[in-house]
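Asks: Following is a predicted model, sequence given first.
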Amino acid sequence: MRPLALSLLIATVALQAGCGWDGHFSLFGYSTRPNYDLTIKTVYVPIFKNDTFYKWKEEDLTRYVIREIESKTPYKVVSSPMHADTELIGKIKFVQKQLINQNQVGEVRQAQVIITAEILWRDLRPGKVGDVLSAPRQGGPGAPPPGMPAPPTLVTGIGQFETELGGSITQAEADALNRMAVQIVSMMEVWPAPTPTPLPVPGP
C-alpha cells in the first residue's frame with residue numbers, strides 16, 4: 001500500500017504544480033516567477049540631481065542604485081535613453097546630520113545622518129512613454145486620483161555611527177545611501193493588484 005500511497009501523493013503534487021509559458025512553476029499559490037515585469041529589459045540611470053549643499057552624494061547614490069539593479073533584478077542598465085525601455089531618475093532633496101549623544105567635554109559619541117530623495121521610474125517604450133512605473137498602483141493606497149500625474153516617490157535612508165566603536169560620519173553616509181538604494185530597487189518590483197472590496201448585497 002505504501003508505494004500506491006506515494007504514487008498518489010506524487011500525482012497530486014504534479015497536478016497542483018503548474019508550469020507557465022515562461023518556464024516558471026507554481027505550487028500551492030507560490031511561484032518561482034520573479035517579482036519584476038519581464039517585458040522590461042533595460043533601464044537608463046542618469047546621475048541623480050542634488051538640491052542640497054552636500055555635494056557628491058548624488059554620484060554615490062547613483063552608483064549604489066546601479067549596483068543593486070544589476071545584482072538584484074533581471075534588468076540591464078544601459079548608458080543611453082535611446083536604447084532603454086525605462087528611465088530611473090532621482091534627486092536628493094534633504095540631508096541632515098543629527099547629534100544623538102556626546103561626552104562630558106562636548107565631543108560626539110553618537111550621531112546619525114538622514115538623507116531623503118525623490119525617485120521617478122518612467123516608461124520609454126512606444127505607446128507607454130511617460131507612464132510612471134514607480135507610482136502606487138491605481139486604486140491602491142497613496143495612488144493619485146484618476147487623470148492626475150503621479151508624483152515622485154520619496155525614499156529616506158538613515159545611517160548611524162558611534163565614535164567609540166570606530167564609526168565615522170563617512171561610514172554613516174554610505175550606510176544611509178546603501179539603504180536608499182535597496183529601497184529604490186525594491187520599489188521596482190511588481191506586486192499583485194489590490195483585490196476590490198465587494199459591495200454589500202442589499203437584503204430583500
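Replies: Cool, the structure landed. Numbers count the residues shown, from 1 in each chain.
Asks: And the strands in the chain, which stretches?
Replies: Under the criterion DSSP state E, the chain contains strands at 18-19, 25-27, 30-31, 42-44, 49-50, 76-78, 86-102, 108-123, 153-162.
Asks: Nearest to Glu59, out of those?
Replies: When those are compared by C-beta to C-beta, strand 49-50 sits nearest Glu59, at 8.9 Å. All C-beta spots, glycine's among them, are computed from the backbone N, C-alpha and C.
Asks: Just the pLDDT at Pro126, thanks.
Replies: pLDDT recorded at Pro126 is 93.
Asks: cool, Lys97 as well?
Replies: If you check Lys97, the pLDDT there is 87.
Asks: Then Ala150?
Replies: Reported pLDDT at Ala150 in the predicted model: 74.
Asks: cool, and Ile169?
Replies: 84.
Asks: who's in contact with it?
Replies: Lys97, Ala111, Val113, Phe161 (C-beta atoms under 8 Å, 6 or more residues apart in numbering).
Asks: returning to what we had before: let me have the strands of the chain in CSV, adding distance to Leu133 and mean neighbour count as columns.
Replies: Formatted as CSV, the strands of the chain follow (distance: least, C-beta to C-beta, whole Å; neighbours: other C-beta atoms under 10 Å):
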stretch, distance to Leu133, mean neighbour count
strand 18-19, 28, 10
strand 25-27, 25, 13
strand 30-31, 21, 11
strand 42-44, 10, 19
strand 49-50, 19, 16
strand 76-78, 15, 15
strand 86-102, 6, 16
strand 108-123, 5, 19
strand 153-162, 10, 18
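Asks: Output these in JSON lines; the columns should cover distance to Trp56.
Replies: What follows is the strands of the chain, written out as JSON lines (distance: least, C-beta to C-beta, whole Å):
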{"stretch": "strand 18-19", "distance to Trp56": "49"}
{"stretch": "strand 25-27", "distance to Trp56": "46"}
{"stretch": "strand 30-31", "distance to Trp56": "42"}
{"stretch": "strand 42-44", "distance to Trp56": "22"}
{"stretch": "strand 49-50", "distance to Trp56": "8"}
{"stretch": "strand 76-78", "distance to Trp56": "20"}
{"stretch": "strand 86-102", "distance to Trp56": "10"}
{"stretch": "strand 108-123", "distance to Trp56": "13"}
{"stretch": "strand 153-162", "distance to Trp56": "16"}
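Asks: I'd like to know which of those is closest to Val65.
Replies: Nearest to Val65, of all these, is strand 86-102, at 7.1 Å by C-beta to C-beta.
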